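> From the sequence below, what's the structure:
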Amino acid sequence: MFTDSSSPPIDPDLPESETRPDFNPSSTDSTTVQTNIDAEEEARPEPTTTTFESDFKSVTDLQPERFNSLDELTHDLGSLHELSTRGSWEAILEKIAQARALFLLTKPHEHLTYLTYQVIALAKLRRSDEAAHELNSLHDFDGTHYRYESFPEIYPNRKGSMVPFTLRWLYALIPTKLGNRQEGLDRLYTLLDFVRDRVREKESQSFDCSVELWKKRETFVMNCLLGFHLGHKEFGISLDLIKELINRDPLDAVLISKLGSVQMQFGDVEGAKTTFNRVEKMLNEGKNNGLLNESQFKNLVGRNKALVYVVGKDYVSAVREYEECIERDNSDIVAVNNKALCLMSLRDLSDAIKVMESALERVPTAALNESLVVNLCSMYELAYVNHTDVKRTLNNWIARVAPDDFDSSCTRI
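Sure thing, here's the model as predicted:
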């Protein structure tokens, strides 16, 4: 990209147009593979519908105003991205195999990008051993063979690593899928050190856009670590991570609410109430970091109130709060699930089942997750003598509408 002398310095590691999908890092589930290929050096604009083509151009050959298609970066990437949003992971593996068989991937970074989608698909399909094998075949991520400057004839005037950041993240994640939690944690902390080194490097070079990008990645990795530690009830280190993240973004209402939930698990009910009141005050004062719309913010406050009622065993009041959340947003599956559990605690199994079944019929894309289905099947087992037949009906419906990565074993048939 050409700039005049008055422009800020340009990071040579960044493409001409850098776009990133929005995400709320404080709500990231570290056990879920992210579907966005957030490449270190590759832009990720919105996808366009494409077909296989045989004519490719180098990224550096493109004019900035034309740098707006996924396929200008990597062959047919738009279709892979679209399939990933639909959960069509088997189709992704087939498309990748076809592209390789027809020798349609002509540049080094294309092979890495397709490999990233392959590893994501394998992980989603619970074929983590195959995913680990693919990752191990790459050897050293920081080797010269994965740098743009090693291929000047393909990437003139370009330098930096062509390894997608998501691939580094998957390298840390996959061991946890194979039961090697400590190895996964070690790799995540190594990744965190790597990201922080890049932040310092970009800050020293005054590449502000790059600094912002790498700080987002730092926050993302920290949230992954937070998810792992919370999942194993390691509350001490979890609190340290939460407080550090809140210091970075004191207007992150989701993260502050998570702090209140951890305080609840510590038994510090009064401390949790104070934290939840802080979130409600932020809502009333209109303080928001932009990650939540008004309806989502109100529901967050409502769920916080309901949690306090649940801890106090006031399930009737909790149900009332969850009902308000569902009326405001019928796709709030956390409220749906928790309302049903509260009704079950009130020995109203019939209504609890209706709440969940209604959500599955009304918003199947949002409601169809393993946790909700497990809870619904548990209710079937308590409510019906012929619960096996009812669960088989549910299982057949799931087989028709669920994405490839849905674990149908949660119905326990």
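> tell me which residues in the host helix or strand of Asp197 are buried?
Element membership for Asp197 (DSSP states H and E) is helix 181-204. For helix 181-204, the neighbour count (16 or more other C-beta atoms under 10 Å) marks Gly184, Leu185, Arg187, Leu188, Leu191, Leu192, Phe194, Val195, Arg198, Val199, Lys202 as buried. C-beta here means a position set from N, CA and C on the backbone, and glycine is covered the same way.
> now swap in stretch 266-276 and tell me
In stretch 266-276, counting by 16+ other C-beta under 10 Å, buried: Ala272, Lys273, Thr275, Phe276.
> Pull the CA coordinates from it and hand them back as PDB.
Coordinates of each C-alpha in stretch 266-276 appear next as PDB, following Å, rounded to 0.1, in the frame of the first residue of the first chain:
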ATOM      1  CA  PHE A 266     -16.700 -19.300  46.600                       C
ATOM      2  CA  GLY A 267     -19.700 -18.800  48.900                       C
ATOM      3  CA  ASP A 268     -19.300 -15.000  48.900                       C
ATOM      4  CA  VAL A 269     -23.000 -14.300  48.300                       C
ATOM      5  CA  GLU A 270     -22.800 -10.700  49.500                       C
ATOM      6  CA  GLY A 271     -19.700 -10.000  47.300                       C
ATOM      7  CA  ALA A 272     -21.500 -11.500  44.300                       C
ATOM      8  CA  LYS A 273     -24.600  -9.300  45.000                       C
ATOM      9  CA  THR A 274     -22.300  -6.200  45.000                       C
ATOM     10  CA  THR A 275     -20.700  -7.300  41.800                       C
ATOM     11  CA  PHE A 276     -24.100  -7.900  40.100                       C
END
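> Can you give me the end-to-end span of stretch 172-187?
Stretch 172-187 has its terminal residues 5 Å apart, counting by C-alpha to C-alpha, to the nearest Å.
> Not counting sequence-adjacent ones, nearest residue to Leu341?
Asn375 (6.6 Å; C-beta to C-beta, 6 or more residues apart in numbering).
> what about the one you found, how many neighbours?
18 (other C-beta atoms under 10 Å).
> still on that earlier bit, any idea which helix or strand comes after the helix holding Asp197?
helix 208-231.
> pLDDT (mean, whole number) over that next one?
In this model, helix 208-231 has a mean pLDDT of 94.
> quick one on the thing from earlier: which elements pack onto the helix holding Asp197?
When contacts are defined as 3 or more C-beta pairs under 8 Å, 6 or more residues apart in numbering; DSSP states H and E, helix 181-204 packs onto helix 165-177, helix 208-231.
> ok so, going back, nearest to Leu80, of the buried residues of helix 181-204?
Leu191 (23.8 Å; C-beta to C-beta).
> what's the most distant pair in the buried residues of stretch 266-276?
Going by C-beta to C-beta, the pair spanning the buried residues of stretch 266-276 furthest: Lys273 and Thr275, at 7.3 Å.
> shared neighbours of these two, anything?
Gly260 (C-beta atoms under 8 Å, 6 or more residues apart in numbering).
> re earlier: just send the buried residues of stretch 266-276 back as TSV, with secondary structure too.
Converted to TSV, these look like this (DSSP: H, G, I helix; E, B strand; the rest coil):
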residue	secondary structure
Ala272	helix
Lys273	helix
Thr275	helix
Phe276	helix
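> can you redo those as a markdown table with distance to Leu251?
Output for the buried residues of stretch 266-276, formatted as a markdown table (distance: C-beta to C-beta, whole Å):
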| residue | distance to Leu251 |
| --- | --- |
| Ala272 | 19 |
| Lys273 | 20 |
| Thr275 | 14 |
| Phe276 | 16 |
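> quick one: which of those is nearest Arg217?
Thr275 (27.0 Å).
> Now do the contacts for the closest residue to that closest one other than its chain neighbours.
Residue nearest to Thr275 in three dimensions, not counting chain neighbours: Gly260, with 3.7 Å by C-beta to C-beta, 6+ apart. Shown in contact with Gly260 (C-beta under 8 Å, 6+ apart): Gly271, Ala272, Lys273, Thr275, Phe276, Val279, Asn304, Leu307.
> same thing with Cys410?
By C-beta under 8 Å, 6+ apart, the neighbours of Cys410 are Glu370, Val373, Val374, Cys377.
> Please name the nearest non-neighbouring residue to it.
Glu370 is the one closest to Cys410 (C-beta to C-beta, 6+ apart), at 4.4 Å.
> before we move on, what about Arg328?
Ser295 (5.4 Å).
> Quick check: the one you found vs Asp332, distance?
Relative to Asp332, Ser295 is positioned 9 Å away (C-beta to C-beta, to the nearest Å).
> neighbour-wise, which of those two wins?
Each of Ser295 and Asp332 has its neighbours counted (other C-beta under 10 Å); Asp332 has more, 24 against 12.
> Quick check: that one touching Cys325?
Yes: assessed by C-beta atoms under 8 Å, Asp332 is found in contact with Cys325 at 5.1 Å.
> any residues in contact with both of those two?
Asn299, Arg303.
> Pull out the buried residues from the contacts of Cys410.
Using 16+ other C-beta under 10 Å as the threshold, Val373, Cys377 are the buried ones among the contacts of Cys410.
> now, among the contacts of Cys410, which is nearest to Ala359?
Looking across the contacts of Cys410 and measuring by C-beta to C-beta, the closest to Ala359 is Val373, at 11.0 Å.
> didn't that closest one look like it was pressed against Arg412?
No: here Val373 lies out of contact with Arg412, judged by C-beta under 8 Å, at a distance of 9.6 Å.
> re the thing from before, what are the neighbouring residues in contact with the residue nearest to Cys410?
Phe406, Asp407, Cys410.
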